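Sequence and predicted model, in that order:
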Amino acid sequence: MTSSPLHPGSALLTSIAVGVLGFCMSTEWAKMAMECTRNGSSFSNGSAVVTLGPFTGHMNRSFCPLFGGQDEFTMLQRLADLGVGPVALHSVVLCLLVLCLVFSGGSILISLYNSVSNPYETYMGPIGLYVCSSLSAFFSVLVLLIFALNVTLTSMAEDLVQSFADTLVAELRNKTSEMQLGYYLVVLYPGLSLFVVALVYFYDHTAYTQRREQQRPTEDAPKEIMMY
């Protein structure tokens, strides 16, 4: 793999992917709304809206279960008080996000190294780039799946609302979940990472084909050329 604009270009694309992921990690990923009333009461005009991101969350309660309020909270710290399930899944999400950044960093370093060196067929060549970019894409897909699972299939939102209701027991029902922009933008990250893999593979395959054509045995040459 010789030096070419491909290598700094792949580093640039991976850097853009990292920038997208970094922006996503600072925004909201999910919003959950539900009806809320005091336990045992037939009068129900309360509601609660929980907005979640990777690191922070926002709680907006209206007559839930008796009074309302708005609260900001740290995700891991608050989930740790609720139980093992939600905090375990969310911890996995955060660990996978860190791995995405680590392997993207490896992909950038390998691309930059390739731009000034010729480590063909070594771990610092295309193989290393394939591994780093593919793993970062794979981990980001797991992030999307696990976060959606935690939001939709666990009682994380209800437990968060109840934790802000103090000693009053809230009856929660009709929960709706909606993924936000930050969550959907994460999809760009594996897309860019896999595009880098495809781009480098196509270039590497083309360069390999050209080398094979230049190294064909002389017996394949026309007889007129062999006479000279």
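Received it, and whenever you're ready, just let me know what you need.

List the buried residues of the longest helix anywhere in the chain.
Longest helix of the chain, by residue count under DSSP state H: helix 84-116. Of all the residues in helix 84-116, those buried under the rule 16 or more other Cβ atoms under 10 Å are 86-87, 89-90, 93, 96-97, 99-100, 103-104, 106-111, 113-115. Any C-beta I mention is one placed from the backbone N, CA and C, and that applies to glycine too.

do the same with stretch 150-166
Result for stretch 150-166 [16+ other Cβ under 10 Å]: buried residues 150-151, 154, 156-162, 164-165.

hang on, isn't A157 packed against T51?
No: applying Cβ atoms under 8 Å as the test, A157 and T51 come out as separate, 10.1 Å apart.

overlap in contacts of those two?
M32 (Cβ atoms under 8 Å, 6 or more residues apart in numbering).

could you list every residue that touches T176?
Counted by Cβ under 8 Å, 6+ apart, T176 has contacts 32-34.

Please repeat the previous calculation with a cut-off of 7 Å.
Residues in contact with T176, defined by Cβ atoms under 7 Å, 6 or more residues apart in numbering, are 32-33.

Phi first, then psi, for A48.
The phi/psi pair for A48 (degrees, to the nearest 10) reads phi -140, psi 140.

which SS class is T154?
Assigned with DSSP: H, G, I helix; E, B strand; the rest coil, T154 falls in the coil class.

Need the per-residue pLDDT for it.
Predicted confidence (pLDDT) for T154: 90.

Give me the pLDDT value at F202.
Note on F202: pLDDT of 84.

Is the residue most central in space within the chain inside a helix or a strand, and which specific one?
The chain has S140 as the residue nearest its centroid, 3.3 Å off, counting by Cα atoms, centre = their mean. Per DSSP states H and E, S140 falls inside helix 126-152.

what angle separates that helix from helix 84-116?
On the basis of axes from the mean of the first three to the mean of the last three Cα atoms, to 10 degrees, helix 126-152 is oriented at 160 degrees to helix 84-116.

if we can go back for a sec, and of the buried residues of stretch 150-166, the nearest to R173?
For these, the closest approach to R173 (Cβ to Cβ) belongs to E158, at 9.3 Å.

residues in contact with that closest one?
Contacts of E158 (Cβ under 7 Å, 6+ apart): 172, 175.

now it: how far from C132?
To C132, E158 is 39 Å away according to Cβ to Cβ, to the nearest Å.

Could you do E171 as well?
49 Å.

Mean pLDDT per helix and strand in the protein: which one sits at the bottom?
Here the helix or strand of the chain ranked lowest by mean pLDDT, DSSP states H and E is helix 223-227, holding a mean of 48.

for C132, what are its contacts?
Going by Cβ under 7 Å, 6+ apart, C132 touches 103, 106-107, 110.

Quick one: the residues you listed as a markdown table, columns for distance to E178 and pLDDT too.
Shown next, in a markdown table, are the contacts of C132 (distance: Cβ to Cβ, whole Å; pLDDT from 0 to 100):
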| residue | distance to E178 | pLDDT |
| --- | --- | --- |
| F103 | 30 | 96 |
| G106 | 35 | 93 |
| S107 | 33 | 92 |
| I110 | 39 | 88 |
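
Please convert the residues you listed to a markdown table, extending it with distance to F67.
Output for the contacts of C132, formatted as a markdown table (distance: Cβ to Cβ, whole Å):
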| residue | distance to F67 |
| --- | --- |
| F103 | 47 |
| G106 | 51 |
| S107 | 51 |
| I110 | 56 |
